[in-house]
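J.: Okay, sequence plus prediction incoming.
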Amino acid sequence: MPHMLRRLLPLLLGAACLVFVAACGGDDDDNGSADTGGTTSEAAPPATTETAPATPAGGGGGAASSIKVGAVEGGATPFSFDPKTLDAKAGKVTFTLDNPSGNAAPHAIEVEGNGVEEESKTTQPGETAELTVDLKPGKYEFYCPVDGHRDAGMEGTLTVT
């Protein structure tokens, strides 16, 4: 029996390969053109799916964009965001808050305006937090909701187009 199996195995593998090659091939007879009653038209290019690239802080995106915001301690104000002014395209916007390990305080980010009020988790120094919000065109405020941080200067404006 094993001797017979050894003889059949190459044949079975060959048949499997032929089935695979036939399945991978396409019908090249019409070159992608449709039968339009005697006229020929070029085939439409294949559809593509685009995703908005991650945008730098303050940059716009597309239907989905990412904005990086840094928590800053010291300087002209005790607490601030870098940058303080942001722009984004309408749709889902993901904010990534970086609280550097050199900071001493916890921070978070909250976005408010046009019926939206959402906040990230509070991060400790050395951590990051993400907040994804579906935004319509308009003006929004963003700020740190940790007690006293907004009053200390940790706020900014977001324009959504």
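T.: Done, it's in.
J.: Show me where this protein has its helices.
T.: For the chain, applying DSSP state H gives helices covering 2-24.
J.: By mean pLDDT, point me to the weakest helix or strand of it.
T.: helix 2-24 (a mean of 52; mean pLDDT, DSSP states H and E).
J.: residue contacts, G138?
T.: Applying C-beta atoms under 8 Å, 6 or more residues apart in numbering, we find G138 in contact with G113, N114, T159, V160. All C-beta atoms are positioned from the backbone trio N, CA, C, and that covers glycine.
J.: just checking, the second one touches Y140?
T.: When you say that, I think you mean N114. Yes. Between N114 and Y140 there is a contact under C-beta atoms under 8 Å: 6.6 Å.
J.: higher neighbour count, those two?
T.: Y140 (21 against 13; other C-beta atoms under 10 Å).
J.: Any regions of the chain where pLDDT drops low?
T.: 1-63 (pLDDT under 70).
J.: All the strands of it, residue numbers only.
T.: 64-73, 79-82, 85-88, 91-99, 110-113, 116-119, 127-135, 138-143, 155-160 (DSSP state E).
J.: Quick one, which of those strands gets closest to H149.
T.: strand 79-82 (4.8 Å; C-beta to C-beta).
J.: and the closest one, which strands flank it?
T.: strand 64-73 (antiparallel) (DSSP bridges).
J.: most surrounded residue in the contacts of G138?
T.: Ranking the contacts of G138 using other C-beta under 10 Å puts V160 first, with 23 neighbours.
J.: Test my guess that that one contacts K92.
T.: No. In terms of C-beta under 8 Å, V160 does not count as a neighbour of K92; the distance is 11.3 Å.
J.: okay, and the common contacts of those two?
T.: With C-beta under 8 Å, 6+ apart as the test, V160 and K92 both reach L135.
J.: ok, how many other residues are close to the closest residue to E127 other than its chain neighbours?
T.: Leaving aside its chain neighbours, E127 sits nearest to N99 (5.5 Å; criterion: C-beta to C-beta, 6 or more residues apart in numbering). By the criterion of other C-beta under 10 Å, N99 has 24 neighbours.
J.: show me what contacts N99?
T.: So, once contact is read as C-beta under 8 Å, 6+ apart, N99 ends up touching A71, P106, H107, T123, Q124, P125, G126, E127, T128, A129.
J.: And it, how close does it get to L158?
T.: For N99, the distance to L158 equals 19 Å [C-beta to C-beta, to the nearest Å].
J.: do the same with K89
T.: The gap separating K89 from L158 is 12 Å, by C-beta to C-beta.
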